[in-house]
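1. Please find the sequence and the predicted model below.
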Amino acid sequence: MKNIAILGSTGSVGTQALDVIRANPELYRVCALTANANAALLIQQAMEFKPQLVVIGDESQYAEVKNALSGQGMNILCGEDALCEAASLTAADFVLTAIMGSVGLRPTIAAIKAKKKIGLANKETLVVAGELITQLADENGVTIIPVDSEHSAIFQCLVGEELSSIEKIYITASGGPFRGKDRDFVAKVKKEQALKHPNWVMGAKITIDSASLMNKGLEVIEAKWLFDLDISQIDVIVHPQSVVHSIVQFNDGSMKAQMGVPDMKLPIHYAMAYPKRIQSQFPRFNFMDYPELTFYKPDMDTFRNLQLAYTALEKGGNMPCIINAANEVVVEAFLNDRIGFLEMSDVIEQCMSDLTFIQAPSLNNYLETDQHTRIFARQLVTKKHLAI
């Protein structure tokens, strides 16, 4: 029986992780649940799973959660420090970090310092501070198991292999809802169109990132740190069917691909059960449903975010932190109809150009960069919005 702490239990990954636990009550028990602002769902989850600790990030909703769960034998806390407490909970055998955005950085560090096995669904942690996180994990002997489908695929392909034998990895991208569209078309799209992902059911932020290819850009940066790769070893290929989740090419020319139906429960279940594989009742892949598997080169002229991510990774330092923070601001602005789809890349690029570059940042440098970038990006968004 593994005790699971889920950071971000009300989001897409968190709710699917709870589905996995429901299907395997003899294997997993929930010891901590956290949410940012969805108090109603958090209360519902806590009543069902009876965790030891419940955390609501939004302090204005603390009283509601505490009153609803009073007398249930749970410890109810709020705020960012409480997230770190959940991440380092003594009872936890496995910590799933499914918090969206850079707010996941501090709790992930707390989990590492507590020597927890970590399932990482919060890619922003490695984007913002990949060098710091991987060094800290090495020092503490902590295993970080990626949970997003692409990096889980690479991780699975590398079981039994040496990292030094990797020649190249191919991260697959569905292409999102605007695959094959030109700049004139994409310049006019609205959030309702961008939120209609052809293959995956995800939260709003990651769905917009998928449409803009920023999601792939962030995954490129994440892959560099997870698997100790050079930029030249990481390629992105568009694969509309989302059946091949990623590919590893080795130095002898052979390749491994991990395949399956596009269902996030599969990498979640793999991470929680690792190093074992546990029988599941999830849908099985049928080749006859996919008579053709196709692959294309990504259009980085139209979808510039992917190129910006490669540029940020090449420059290093706090530059990936800058693009991550700027992207979170512009995605929120796009979802609130304050900025156009292509303008998101314009704001990110200006943040990269104008903000202070730090070659060897400390944790405080990362946190300050994140804060300063958000302020500057919001100013740029306001200027563009007023100019409409």
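-> That came in fine, so what should we check first?
2. for the lengthiest helix in the chain, which positions count as buried?
-> When the chain is parsed with DSSP state H, its longest helix is helix 363-387. Buried positions in helix 363-387, judged by neighbour count with 16 or more other C-beta atoms under 10 Å: 365-370, 372-374, 376-378, 380-381, 384. C-beta coordinates here come from the backbone N, C-alpha and C atoms, glycine included.
3. now swap in stretch 144-163 and tell me
-> Buried residues in stretch 144-163, counted by 16+ other C-beta under 10 Å: 144-158.
4. quick one: residue 351 from residue 381, how far?
-> According to C-beta to C-beta, to the nearest Å, residue 351 and residue 381 sit 11 Å apart.
5. wait, residue 54
-> According to C-beta to C-beta, residue 54 stands 34 Å off from residue 381.
6. which SSE is residue 327 in?
-> Residue 327 is part of helix 319-335 when elements are defined by DSSP states H and E.
7. Neighbouring strands - and their directions - for the helix or strand that contains residue 249?
-> Assigning secondary structure by DSSP H and E places residue 249 in strand 244-250. Applying DSSP bridges, strand 244-250 is found paired with strand 166-173 (antiparallel), strand 255-259 (antiparallel).
8. Determine which stretch of the ones you listed is the most buried.
-> Between those, strand 166-173 has the highest mean count of neighbours, a mean of 21, where neighbours are mean count of other C-beta atoms under 10 Å.
9. Now do that one: distance to the chain's middle.
-> Relative to the centre of its chain, strand 166-173 is centred 18 Å away, using C-alpha atoms, centre = their mean, to the nearest Å.
10. thinking again about what came up before, now the strand holding residue 249: mean pLDDT?
-> Per-residue pLDDT over strand 244-250 has a mean of 97.
11. Now it - C-alpha only, CSV.
-> Taking Å, rounded to 0.1, in the frame of the first residue of the first chain, the C-alpha atoms of strand 244-250 are listed here in CSV:
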residue,chain,number,x,y,z
VAL,A,244,3.5,7.5,-30.5
HIS,A,245,4.1,9.5,-27.4
SER,A,246,7.9,9.9,-28.0
ILE,A,247,10.9,8.1,-29.5
VAL,A,248,14.4,7.5,-28.4
GLN,A,249,17.2,6.9,-31.0
PHE,A,250,20.3,5.2,-29.7
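12. how near is the nearest residue to residue 258 once chain neighbours are set aside to residue 171?
-> Spatial nearest neighbour of residue 258, excluding adjacent residues (C-beta to C-beta, 6 or more residues apart in numbering): residue 153 at 3.6 Å. Going from residue 153 to residue 171 by C-beta to C-beta gives 9 Å.
13. will you turn the strands paired with strand 244-250 into TSV that also has mean pLDDT?
-> Formatted as TSV, the strands paired with strand 244-250 follow (pLDDT from 0 to 100):
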stretch	mean pLDDT
strand 166-173	97
strand 255-259	97
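14. would you list those in JSON lines and tack on distance to residue 1?
-> Below are the strands paired with strand 244-250 laid out as JSON lines (distance: least, C-beta to C-beta, whole Å):
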{"stretch": "strand 166-173", "distance to residue 1": "35"}
{"stretch": "strand 255-259", "distance to residue 1": "28"}
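15. out of the ones you listed, which comes closest to residue 95?
-> strand 255-259 (23.5 Å; C-beta to C-beta).
16. Beyond that closest one, next helix or strand please.
-> Following strand 255-259 in sequence order, the next helix or strand is helix 265-273 (DSSP H and E).
17. how far out from the middle of the chain is that next one?
-> With C-alpha atoms, centre = their mean, you get 15 Å for helix 265-273.
18. Please apply the same query to stretch 328-341.
-> That offset, for stretch 328-341, works out to 19 Å (C-alpha atoms, centre = their mean).
19. what's next to that stretch, contact-wise?
-> 101-102, 124, 186-191, 194, 204-205, 208-209, 211-212, 214, 343-344, 347-348, 373-374, 377-378, 381-382, 384-385 (C-beta atoms under 8 Å, 6 or more residues apart in numbering).
20. shouldn't the residue nearest to residue 258 be in contact with residue 243?
-> No - here residue 153 lies out of contact with residue 243, judged by C-beta atoms under 8 Å, at a distance of 10.8 Å.
21. Residue 254 and residue 347, how far apart?
-> For residue 254, the distance to residue 347 equals 43 Å [C-beta to C-beta].
22. just residue 116 next, same as before
-> Counting by C-beta to C-beta - residue 116 and residue 347 are separated by 36 Å.
23. Same check on residue 269?
-> Counting by C-beta to C-beta, the gap from residue 269 to residue 347 is 38 Å.
24. what secondary structure does the residue of the chain most remote from its centre sit in?
-> Distance from the C-alpha centroid of the chain peaks at residue 71, with 34.8 Å (C-alpha atoms, centre = their mean). Under DSSP: H, G, I helix; E, B strand; the rest coil, the three-state class of residue 71 is coil.
25. Model confidence for it, exactly?
-> At residue 71, pLDDT is 92.
26. for it, what are its contacts?
-> So residue 71 contacts nothing (C-beta under 8 Å, 6+ apart).
27. Got the phi and psi for residue 53?
-> phi -130, psi 140 (degrees, to the nearest 10).
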